[in-house]
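J.: Model the structure of this input:
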Amino acid sequence: MGILAVLLQVAAAFLPWVYIESKELTLTGIDTTGTNYGKPSYLHILFAAFFLLFTLIPRLWAKRVNLLVVALNLAWALRNFFMVSSCQGGECPVKKAGLFLSLLASILMLLSALFPDMRLPAEKKE
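T.: A predicted model of the protein is given here:
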């Protein structure tokens, strides 16, 4: 589930996030030309890469660090959701699918990190 969430996160970066009618702009996570939002999906892609790396490492410390990574990713997704889709100057942008998919992918990554598939060494019998 985690790998699919990473793929969804990267795909959502290139999908339309919002449409601003007055400027006739369609913003994606990568292309926010005409605004001062920066490029919010670059950080999502970086977090997704770290998530994938730590998911594939079968150590307890990697799973713990992964929780930090996905928590930061979810916080960034919530920030983007509220910041990019907020109303400014009396005009509210139209939310598109990419914004919702980015938030969904962040939640799926969090769930995947909360329940890792990890085998613990057998307890010693006395």
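
J.: chain center to the helix or strand bottoming out on mean pLDDT in the chain, what's the gap?
T.: Across the helices and strands of the chain, mean confidence by mean pLDDT, DSSP states H and E is lowest for strand 25-28: a mean of 90. Centroid separation between strand 25-28 and its chain, computed with Cα atoms, centre = their mean, to the nearest Å, is 18 Å.

J.: That strand: what's the following helix or strand?
T.: Next along the chain after strand 25-28, taking DSSP states H and E as the criterion, comes helix 41-56.

J.: just checking, what packs against whichever helix or strand comes after that next one?
T.: Using DSSP H and E, the helix or strand that follows helix 41-56 in sequence is helix 60-84. Helix 60-84 is packed against strand 16-20, helix 41-56, helix 97-114, with contacts defined by 3 or more Cβ pairs under 8 Å, 6 or more residues apart in numbering; DSSP states H and E. Heads up, the C-betas are built off the backbone N, CA and C, glycines and all.

J.: and the angle for helix 60-84 with helix 41-56?
T.: Relative orientation of helix 60-84 and helix 41-56, computed by axes from the mean of the first three to the mean of the last three Cα atoms, to 10 degrees: 160 degrees.

J.: surely Lys96 meets Ile20?
T.: No - using Cβ atoms under 8 Å, Lys96 makes no contact with Ile20, being 11.0 Å away.

J.: who's in contact with the closest residue to Ala71 other than its chain neighbours?
T.: In space, and not counting its chain neighbours, Ala71 is closest to Leu110: 7.1 Å by Cβ to Cβ, 6 or more residues apart in numbering. Contacts here follow Cβ atoms under 8 Å, 6 or more residues apart in numbering; on that basis Leu110 touches 70-71, 73-74.

J.: try it again with 10 Å
T.: By Cβ atoms under 10 Å, 6 or more residues apart in numbering, the contact list for Leu110 reads 2, 5, 51, 66-67, 69-71, 73-74, 77.

J.: what do you get for Val70?
T.: Residues in contact with Val70 (Cβ under 10 Å, 6+ apart) are 2, 5, 47-48, 50-51, 54-55, 106-114.
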